[in-house]
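Participant: show me the folded form of this:
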Amino acid sequence: MDVKNQIEIERKYLVDVVGEIPNPRISDICQTYLVSDDGSVRRVRCRQEALQGAEPRYYYTAKRRLAYDRSYEHEEEISESRYRQLLAEADPSRGMVRKQRIVFYYENQCFELDCFFAPVVDHLLLEIEGAETAESVIMPPFLRVVADVTGLPDYSNSRLARRVVNEMTVQHNVSLRPYNTFGIDACADSFVTLHNEANFRELIQSGMLRQKPFFILGGGSNVVFADRYRGLVVHPHNKGIHLLEKRDGYCYVEACAGEVWADFVRYCIACGWHGLENLAAIPGTVGAAPVQNVGAYGREAKDVISRVHLFYIESGTEEWMDAADCDFDYRWSVFKGRLKGKCLIDRVVFRLSESFEPCLTYKALANAFEEQGISHPSASQVANAVTAIRDAKLPNPSVIGSAGSFFKNPVVDSHQAHSLLQQYPDMVVFPVDENHYKLAAGWLIDHCGWKGRNCGTVGVYPKQALVLVNNGDATGADVKALAHAIIDDVYSHFGVTLECEAIFVE
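Facilitator: Numbers count the residues shown, from 1 in each chain. Below you'll find the model as predicted:
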């Protein structure tokens with residue numbers, strides 16, 4: 001394990017990126033500050049490089065300020081088990097700092113560019129180590145400097161960990177393009193972001209949810225907006241992940257609704273809390289997981305959810321609802337049924353295992369490890385394999401707008417399934433129970449000739465027929481027309497009715 005002791009000289013700037021960064025090395029960082037009684041700043045860090053097959057690495061750091069722009073730093077790489085032990089010493093007055101770090105070189109200087117997942121700074125934070133003065137820094141032309149914040153305590157990561165946004169602000173005429181992965185350029189009459197539990201209560205007590213239509217928007221990964229939403233968009237953005245207790249071999253972990261699901265999964269893996277590995281890289285937020293009962297590669301959210309905390313809109317009361325009362329089913333829950341539009345979810349508790357047992361029932365996942373000769377993959381290896389399979393089939397929404405898998409896999413009775421198999425022996429069919437079978441919607445769509453077809457501003461992804469894509473400037477009406485054309489064609493060919501997994505918001 002690497003150990004480093006040094007005097008660290010650094011300069012910090014708030015910047016915006018205005019051009020392409022050459023040869024960036026990208027990693028995701030989860031940083032937790034520890035209690036300290038000697039005046040130093042102590043932290044542990046989990047760093048996951050954005051490279052296929054890269055394992056997370058763990059570090060312990062202690063810093064002591066020597067001057068406004070320099071400090072003494074001790075840093076050492078530690079084992080995963082030591083990292084988990086130190087997490088027990090987390091400072092309760094500081095939240096976990098999560099960021100994407102981009103490291104690059106320019107004119108023989110090393111630059112570290114941090115993009116924070118929580119709204120703690122308005123721009124990106126740039127650090128240059130070893131620069132004695134501002135004049136000695138050769139700033140790259142693809143960065144625009146907003147301010148030199150060297151030495152300002154508000155921009156130390158330890159201070160940022162204390163920053164909590166408390167105000168609930170309602171905005172008007174807000175573009176929804178940044179809030180939906182399909183990239184629809186719609187607009188909301190009103191938009192409110194909820195940063196903490198107090199915001200949830202304030203919104204419900206305000207009566208706004210009873211005065212106008214509203215839509216709860218998480219990561220926007222399964223929604224298609226019309227040109228304008230004439231109501232209030234509610235965007236939970238509260239953050240926090242906490243280990244509540246360990247009992248009978250299980251870890252009960254509470255996560256706030258606004259946590260990014262994929263980040264939450266990776267954080268749990270790093271902490272040794274198991275059961276989410278097959279759900280890696282699913283877009284969206286923690287709060288949406290119980291609503292949709294998200295699932296992939298042999299696992300569903302219902303397998304690990306213990307209880308859900310919710311606020312009732314009409315009465316203003318709150319409740320912990322046990323998983324058994326959530327009516328979980330395939331892409332279904334009580335929150336899409338009798339409680340739809342009647343409550344807000346602000347926290348979810350997950351029951352995760354202290355021991356890891358890989359779930360390799362999904363054929364492509366099992367094949368991936370068989371090809372590598374790995375008989376007992378680690379939790380990180382399972383998550384990495386799932387991510388690789390998803391990346392091979394699904395477009396990156398930052399490059400090609402989409403809502404992921406657009407259609408549900410239809411469930412039919414055994415009579416219809418056997419009748420279809422007689423006509424189409426290669427049809428992909430999965431048993432649900434002794435009387436029902438699940439058909440692969442992608443196979444049905446592909447065999448109707450839709451895979452790879454473009455219809456103006458929208459189309460069907462060439463690598464996966466389940467995915468509709470934005471070819472540029474698509475509208476909600478364009479997407480809806482294509483979806484209905486596919487549904488009609490599949491019914492005409494197979495007598496099977498597809499349902500949209502994506503939600504049309506009008």
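
Participant: could I get the phi/psi values of residue 272?
Facilitator: Backbone torsions for residue 272, taken as degrees, to the nearest 10, come to phi 80, psi 30.

Participant: could you check how far the residue nearest to residue 18 when sequence neighbours are not counted is from residue 121?
Facilitator: Setting aside the residues directly before and after it, residue 18 is nearest to residue 144 in space (C-beta to C-beta, 6 or more residues apart in numbering), at 4.9 Å. Where C-beta positions appear, they are placed from N, C-alpha and C, glycine not excepted. Residue 144 is 15 Å from residue 121, where distance means C-beta to C-beta, to the nearest Å.

Participant: the two: which has the busier surroundings?
Facilitator: Between residue 144 and residue 121, counting by other C-beta atoms under 10 Å, residue 121 is the more crowded of the two (18 against 14).

Participant: contact partners for that one?
Facilitator: Contacts for residue 121 (C-beta atoms under 8 Å, 6 or more residues apart in numbering) come out as 14, 155, 160.

Participant: swap in 7 Å and give it another go.
Facilitator: The neighbourhood of residue 121, defined by C-beta atoms under 7 Å, 6 or more residues apart in numbering, consists of 14, 160.

Participant: now do it against residue 140, distance only.
Facilitator: To residue 140, residue 121 is 19 Å away according to C-beta to C-beta.

Participant: same question, residue 57
Facilitator: When residue 57 is compared with residue 140 (using C-beta to C-beta), they lie 27 Å apart.

Participant: kindly report the same for residue 416.
Facilitator: If you go by C-beta to C-beta, the gap between residue 416 and residue 140 works out to 61 Å.

Participant: wouldn't residue 335 be in contact with residue 291 here?
Facilitator: Yes - the criterion here is C-beta atoms under 7 Å, and residue 335 meets it with residue 291 at 4.3 Å.

Participant: do I have it right that the residue nearest to residue 18 meets residue 15?
Facilitator: Yes - counting by C-beta under 7 Å, residue 144 sits close enough to residue 15 to count as a contact (6.2 Å).

Participant: so residue 371 sits in a helix?
Facilitator: Yes - the secondary structure assignment for residue 371 places it in a helix, going by DSSP: H, G, I helix; E, B strand; the rest coil.

Participant: run a quick neighbour tally on the residue lying closest to residue 295 once chain neighbours are set aside.
Facilitator: Nearest residue to residue 295, sequence neighbours excluded (C-beta to C-beta, 6+ apart): residue 301, at 6.7 Å. By other C-beta under 10 Å, 26 other residues sit near residue 301.

Participant: for residue 301, what are its contacts?
Facilitator: Going by C-beta under 7 Å, 6+ apart, residue 301 touches 289-290, 293-295.

Participant: and the gap between it and residue 375?
Facilitator: With C-beta to C-beta as the criterion, residue 301 and residue 375 are 28 Å apart.

Participant: swap in residue 278?
Facilitator: In terms of C-beta to C-beta, residue 278 sits 18 Å off from residue 375.

Participant: repeat for residue 112
Facilitator: Relative to residue 375, residue 112 is positioned 39 Å away (criterion: C-beta to C-beta).

Participant: report the beta-bridge partners for residue 332.
Facilitator: Legend: beta-bridge partners of residue 332 under DSSP bridges are residue 329.

Participant: I'd say it and residue 293 touch.
Facilitator: Yes - the pair residue 332 and residue 293 qualifies as a contact (C-beta under 7 Å) at a distance of 6.0 Å.

Participant: care to break this structure down by domain?
Facilitator: For the chain, automatic domain parsing gives the domain ranges 3-160, 170-236, 241-382, 395-505.

Participant: for residue 318, which non-adjacent residue is spatially closest?
Facilitator: The spatial neighbour of residue 318 that comes closest, neighbours along the chain excluded (C-beta to C-beta, 6+ apart), is residue 311 at 4.9 Å.

Participant: more neighbours, residue 278 and residue 375?
Facilitator: Remark: of residue 278 and residue 375, residue 278 carries more neighbours, 24 against 8, as counted by other C-beta under 10 Å.

Participant: residue 384 versus that one, what's the distance?
Facilitator: As judged by C-beta to C-beta, residue 278 and residue 384 stand 12 Å apart.

Participant: need the max-distance pair from the contacts of residue 301.
Facilitator: Maximum pairwise distance in those, criterion C-beta to C-beta, is 11.8 Å, between 290 and 295.

Participant: so where is the chain shaky, pLDDT-wise?
Facilitator: Scanning the chain for pLDDT under 70 picks out 1-9, 38-39, 66-70, 92-93, 118-119, 130-135, 162-167.

Participant: looking at it, which residue lies furthest from center?
Facilitator: Most distant from the centre of the chain: residue 422, at 41.4 Å, with distances by C-alpha atoms, centre = their mean.

Participant: list the buried ones in whichever strand or helix holds that residue?
Facilitator: Taking DSSP states H and E as the definition, one finds residue 422 inside helix 414-423. Going by neighbour count (16 or more other C-beta atoms under 10 Å), the buried part of helix 414-423 is 416-417, 420.

Participant: likewise stretch 216-236?
Facilitator: For stretch 216-236, the neighbour count (16+ other C-beta under 10 Å) marks 216-226, 229, 231-236 as buried.

Participant: how long is it end to end?
Facilitator: From its first residue to its last, stretch 216-236 covers 8 Å (C-alpha to C-alpha, to the nearest Å).

Participant: how about stretch 212-219?
Facilitator: Length of stretch 212-219, first residue to last, C-alpha to C-alpha: 22 Å.

Participant: got it, and stretch 13-24?
Facilitator: Counting by C-alpha to C-alpha, the length from the leading to the trailing residue of stretch 13-24 is 18 Å.

Participant: now it: buried residues?
Facilitator: 13-15, 17, 21.

Participant: likewise stretch 112-121?
Facilitator: Across stretch 112-121, burial judged by 16+ other C-beta under 10 Å covers 112-114, 116-118, 120-121.

Participant: and which of the residues you listed is nearest residue 368?
Facilitator: Distance from residue 368 was checked for each of these by C-beta to C-beta. The minimum falls on residue 117, at 28.5 Å.

Participant: contact partners for that closest one?
Facilitator: Shown in contact with residue 117 (C-beta under 7 Å, 6+ apart): 98-99, 260, 263.

Participant: mind listing which of those are in strands?
Facilitator: Among the contacts of residue 117, the members found in strands (DSSP state E) are 98-99.

Participant: so which pair among the contacts of residue 117 is furthest apart in space?
Facilitator: Spanning the widest gap among the contacts of residue 117 are 99 and 260, at 12.1 Å by C-beta to C-beta.

Participant: who's more crowded, the two?
Facilitator: Here residue 99 and residue 260 are compared on neighbour count by other C-beta under 10 Å; more neighbours surround residue 99, at 22 against 18.

Participant: residue 229 should be in a helix, yeah?
Facilitator: No - when classified by three-state DSSP, residue 229 is found to be strand rather than part of a helix.
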